[in-house]
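In: Pasting the sequence and the predicted model now:
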Amino acid sequence: MGVSKENKLQPILREPFTAEEEQLFRALDPRTLPRHVAIIMDGNGRWAKSRGFAERIFGHRAGIDSVREVTRTAAALRLSALTLYAFSKENWVRPRAEVEALMALLDRFLVDEIPELMENNVKLVASGELDDLPESTRRRLADTAERTANNSGLVLNLALSYGARSEIVRAVRRAIEMAKAGEINGEELTPETFAQLLDHPELGDPDLLIRTSGEMRLSNFLLWQAAYTEFVIVQKLWPDFRRPDFFRALLEFQSRDRRFGGVR
Ligand code: IPE
Ligand code: IPE
Ligand code: MG
């Protein structure tokens, strides 16, 4: 048992576990890990404020280290997908300087993380209203997606200018177009066929959704896909969320009784 776990965690083990991480990791059951984890990475602004920074962007910058650590861990655990809510459709109303700084951080992330993504066999994709993004960001996104397209491990899905209601409406529009073209009729539209019209249906619904910073709301994230997702709300702010916190969230997930409307 111990040996197979160590083999599976090769990429992580290059950085040795702390005693706490070792203990948390040993408590995880490798057979019942979630396939798809989604995270609402919240609390960057509060983190910056709590550290005495005047600009919220310091929190966003610090949050990149959490993104890297969680992605690496998810890849090493052989999860199939990790969807990160990085920027919502509603976030465009924030002060222009913050939005510009976030786009600049995203641009840098998309370039700087390529070696890390390759090393961890991670394929990058994105969901959301990608046409809203600045041209330079769209270009970098397309380039990183293309470079990592043949990686066969974790799929890292960045939700960018993402809003679940817009995603659903786009899918409805597509269904109408298909109906007009005679490719589908009303009876063929079921929850299963409709789900195929959403962004990245191949990832499947998230099994676990984590939100940091204690807020208990979805904020327009994955409204359709989260129908039977387990929610874990963490008090820590996103830049403080690291590997042990991720392990704890996975353990919490494994303690849940998922009934999907049935009975035991
Ligand atoms: C999450 O942190 C990051 C984004 C929404 C882009 P926030 O910026 O929402 O931080 P808080 O919630 O104000 O602390
Ligand atoms: C949700 O966080 C969006 C992201 C984490 C990208 P917000 O901070 O925007 O959500 P609200 O405004 O608190 O609901
Ligand atoms: Mg927030």
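Out: Received, thanks. Ligands and ions are numbered 1, 2, ... in the order given.

In: Which residues of the stretch 151-264 of the chain lie near ligand 2?
Out: Proximity of the stretch 151-264 of the chain to ligand 2 (Cβ under 6 Å from any ligand atom) is limited to residues Glu215, Arg217, Ser219. C-beta: built from backbone N, CA, C; applies to glycine.

In: Could you export these as TSV, including secondary structure, neighbour count and distance to Tyr85?
Out: Converted to TSV, these look like this (DSSP: H, G, I helix; E, B strand; the rest coil; neighbours: other Cβ atoms under 10 Å; distance: Cβ to Cβ, whole Å):
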residue	secondary structure	neighbour count	distance to Tyr85
Glu215	coil	12	12
Arg217	coil	10	12
Ser219	coil	14	8
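
In: Wasn't Leu156 part of a strand?
Out: Yes - assessed by DSSP: H, G, I helix; E, B strand; the rest coil, Leu156 belongs to a strand.

In: so it sits right up against Val70, yeah?
Out: No - taking contacts as Cβ atoms under 8 Å, Leu156 lies outside contact range of Val70: 9.8 Å.

In: Quick check: neighbours shared by those two?
Out: Counting by Cβ atoms under 8 Å, 6 or more residues apart in numbering, the contacts common to Leu156 and Val70 are Leu82.

In: got the residues of the stretch 151-264 of the chain next to ligand 2 as CSV, with pLDDT columns?
Out: Shown next, in CSV, are those (pLDDT from 0 to 100):
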residue, pLDDT
Glu215, 98
Arg217, 98
Ser219, 98
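
In: residue boundaries of the helices in the stretch 151-264 of the chain?
Out: In the stretch 151-264 of the chain, the helices defined using DSSP state H, counting those that start in this stretch lie at 164-180, 191-195, 243-254.

In: For the ones you listed, give me JSON lines that also has mean pLDDT.
Out: Shown next, in JSON lines, are the helices of the stretch 151-264 of the chain (pLDDT from 0 to 100):
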{"stretch": "helix 164-180", "mean pLDDT": "98"}
{"stretch": "helix 191-195", "mean pLDDT": "98"}
{"stretch": "helix 243-254", "mean pLDDT": "98"}
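
In: How about the secondary structure of Val37?
Out: Here Val37 takes the strand state, with states given by three-state DSSP.

In: hey, what's it bridged with?
Out: Per DSSP bridges, the residues bridged to Val37 are Leu82, Leu208.

In: Could you check how far it is from ligand 1?
Out: Counting by Cβ to the nearest ligand atom, to the nearest Å, the gap from Val37 to ligand 1 is 17 Å.

In: Can you give me the neighbour number for that residue?
Out: 27 (other Cβ atoms under 10 Å).

In: do the same with Glu192
Out: By the measure other Cβ under 10 Å, the count of residues near Glu192 is 8.

In: repeat for Gly45
Out: Neighbourhood size, Gly45 [other Cβ under 10 Å]: 20.

In: and it, what is it in contact with?
Out: Counting by Cβ under 8 Å, 6+ apart, Gly45 touches Arg56, Gly59.

In: Give the rounded mean pLDDT of the helix or strand hosting Glu69.
Out: Using DSSP states H and E, Glu69 maps to helix 57-76. Helix 57-76 shows a mean pLDDT of 97.

In: next one: stretch 108-124
Out: 98.

In: export it as CSV, just CAs?
Out: Extracted C-alpha coordinates of stretch 108-124, given in CSV (Å, rounded to 0.1, in the frame of the first residue of the first chain):
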residue,chain,number,x,y,z
ARG,A,108,2.3,36.3,-17.1
PHE,A,109,0.9,33.1,-15.6
LEU,A,110,0.0,31.7,-19.0
VAL,A,111,3.6,32.2,-20.2
ASP,A,112,5.6,31.5,-17.0
GLU,A,113,3.7,28.3,-16.0
ILE,A,114,4.3,26.5,-19.3
PRO,A,115,7.3,24.5,-18.0
GLU,A,116,5.5,23.7,-14.8
LEU,A,117,2.4,22.5,-16.8
MET,A,118,4.6,20.4,-19.1
GLU,A,119,6.6,18.9,-16.2
ASN,A,120,3.3,17.8,-14.5
ASN,A,121,1.6,16.6,-17.7
VAL,A,122,-1.2,19.2,-17.3
LYS,A,123,-3.4,20.2,-20.1
LEU,A,124,-4.8,23.8,-20.0
